[in-house]
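here is my input; please provide its structure:
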Amino acid sequence: MTADTSLVLSELAADRALLGRTSTAERVAAILRERIAQGSFPPGTRLSEERIRGALGVSRNTLREAFRLLTHERLLVHRLNRGTFVRVLTSADIADIYRVRRLVECAALRGLGAPPYRVEEVRAAVTAGEKAAADGRWQDCSTANIHFHQALAGLAGSARTDDLMRGVLAELRLAFHIMDDPRRFHEPYLARNQQIVHTLERGDAHEAERLLDFYLEDSRRQLIEAYPERAAD
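This next block holds a predicted model:
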């Protein structure tokens, strides 16, 4: 665990109220997934089963099942005789994530019918990202950017697509958490997010898809070039 372990564990203890009377592995996994997405448990962190179990007030079996669910989602990895760790992505992982993103996000725009399109959630994410950037809150800007792409995929109107993208984007955030300069990565895309949502508001889904395709390729290339390859560590 990190130097901020005590703070993180106290936050987890506060999350205990979310479990209510129907504590399940899925709900424990949801809490841990969110904490991982926020960077509370950075990539490479060993998760202390005893301390997390104590903070959340759940059984050993429940926590281990939650760990298994998150391992299946590629957020955790179990190492024999060493424990469970938050995954550190490789460049190959990132390339594959972007391959899936282009398949899903671009298809969501390609499948739109006649305008006008319901892009309120997309617009809200763009606005949140710009406000976070103006305040210098680059971690929040990253979160807003994730919400932007989740909302784009959401235009497909498919619960299965939404679930797929939540997992893919949660995994991608593992890469963001070990980037040295999140501002350098996220700032250039604020204007491009604005351009895409404006194009959708004009009713031009074809042009929005074209912009998104170039956007994702540029993002993939930039992230891989800047990404510190830490898997061997």
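
show me the helices in the protein, by range?
5-15, 25-38, 49-56, 60-72, 91-110, 120-134, 138-154, 159-176, 182-201, 205-226 (DSSP state H).

just the buried positions in the last one, please.
Under the neighbour-count criterion of 16 or more other C-beta atoms under 10 Å, helix 205-226 has 205, 208-209, 211-212, 215-216, 219-220, 223-224 buried. No exception for glycine: its C-beta is placed from N, CA and C like everyone else's.

packing partners for it?
Applying 3 or more C-beta pairs under 8 Å, 6 or more residues apart in numbering; DSSP states H and E, one finds that helix 205-226 contacts helix 91-110, helix 182-201.

for the first one, which helices and strands make contact with it?
Packed against helix 91-110 by the contact rule (3+ C-beta pairs under 8 Å, 6+ apart) you find helix 138-154, helix 159-176, helix 205-226.

and of these, who's closest to Gly57?
helix 159-176 (24.3 Å; C-beta to C-beta).

can you list the helices and strands packed on helix 205-226 in JSON lines and add mean pLDDT?
Below are those laid out as JSON lines (pLDDT from 0 to 100):
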{"stretch": "helix 91-110", "mean pLDDT": "96"}
{"stretch": "helix 182-201", "mean pLDDT": "94"}
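
pick the one among the buried residues of helix 205-226 closest to Ile97.
For the buried residues of helix 205-226, the residue nearest Ile97 by C-beta to C-beta is Arg220; the value is 8.5 Å.

out of the helices of the chain, which comes closest to His78?
Closest to His78 of these is helix 60-72 (C-beta to C-beta; 6.0 Å).

quick revisit: now the helices and strands packed on helix 91-110 in TSV, with mean pLDDT?
Converted to TSV, the helices and strands packed on helix 91-110 look like this (pLDDT from 0 to 100):
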stretch	mean pLDDT
helix 138-154	94
helix 159-176	92
helix 205-226	94
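
and these: which comes nearest Ala55?
Ala55 lies closest to helix 159-176 among the helices and strands packed on helix 91-110, at 20.9 Å (C-beta to C-beta).

which other helices and strands does that closest one contact?
Packing contacts for helix 159-176, counted by 3+ C-beta pairs under 8 Å, 6+ apart, involve helix 25-38, helix 91-110, helix 138-154.

in the protein, which residue sits furthest out from the middle?
Ala114 (30.2 Å; C-alpha atoms, centre = their mean).

just want the most central residue of this structure.
The centroid of the chain falls nearest to Ala170 when counting by C-alpha atoms, centre = their mean (2.8 Å).

spit out the contact partners of the closest residue to Glu65 other than its chain neighbours.
Closest residue to Glu65 apart from its sequence neighbours, by C-beta to C-beta, 6 or more residues apart in numbering: Ala25 at 3.6 Å. By C-beta atoms under 8 Å, 6 or more residues apart in numbering, the contact list for Ala25 reads 62-63, 65-66, 68-69.
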